[in-house]
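S.K.: Give the three-dimensional model of this entry:
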Amino acid sequence: MDRKKVCKKSSAKKKMMSIELKRKIIEKHEQGVRVVDLSYGRSTSMICSVLKRKESIKSVTPAKGLTIISKLRTSLHENMEKLLMVWVTEKQLQGDTLTQTIICEKARAIYGDLLG
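M.R.: Just a heads-up that it's a prediction; the model follows:
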C-alpha cells in the first residue's frame, strides 16, 4: 500500500496594519513615493487598498489605547458608545434588568438620534 500524503495547509494569518503605519504610507505616497517602494513587507495590493481608502483613514480617530483598527469607526460610534454606557449605568443603578436585546435596541435608537 502506498502511504497517504498528508498536506499541511499553510494558513497565512492576515497581517493587520496600525493606523500610524497606514497614515505614514499615505503621507509618503502624497510626497511622490511609488507604491512599489512603500511595501513595508506588505503586498502592493494591500498598499493600494490603503491608498484607496485614504480619506476615511485620515478622518478616523482610534479609541484610546488602540493602535490597530480592523474596521473603520467614526467618532459617531465613540459618542454612541459613551451615551450607551451612561444609559446602561443609570439603568443598573435603578436596579433594572438589562438584556442584550434591550441594550441593542437602545444602541440603535441612540445611533439613529445621532445621525439625524
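S.K.: quick one, phi psi at residue 18?
M.R.: Residue 18 has phi and psi values of phi -80, psi 160 when expressed as degrees, to the nearest 10.
S.K.: Helices along the protein, start to end?
M.R.: Assigned by DSSP state H, the chain shows helices spanning 19-30, 44-52, 54-59, 75-94, 100-115.
S.K.: Would you single out the least confident of these?
M.R.: Ranked by mean pLDDT, the helices of the chain end with helix 54-59 at the bottom, a mean of 81.
S.K.: quick one: that helix to chain centroid distance?
M.R.: From the chain centre to the centre of helix 54-59 is a distance of 12 Å (CA atoms, centre = their mean, to the nearest Å).
S.K.: Who are the packing partners of it?
M.R.: Applying 3 or more CB pairs under 8 Å, 6 or more residues apart in numbering; DSSP states H and E, one finds that helix 54-59 contacts helix 19-30. Heads up, the C-betas are built off the backbone N, CA and C, glycines and all.
S.K.: which secondary structure elements does the helix it packs on contact?
M.R.: Using 3+ CB pairs under 8 Å, 6+ apart, the elements in contact with helix 19-30 are helix 44-52, helix 54-59.
S.K.: Single out the most deeply packed of the ones you listed.
M.R.: helix 44-52 (a mean of 15; mean count of other CB atoms under 10 Å).
S.K.: Residues contacting that one, please?
M.R.: Defining contact as CB atoms under 8 Å, 6 or more residues apart in numbering, one finds that helix 44-52 is touched by 17, 22, 25, 26, 29, 35, 36, 38, 39, 40, 57.
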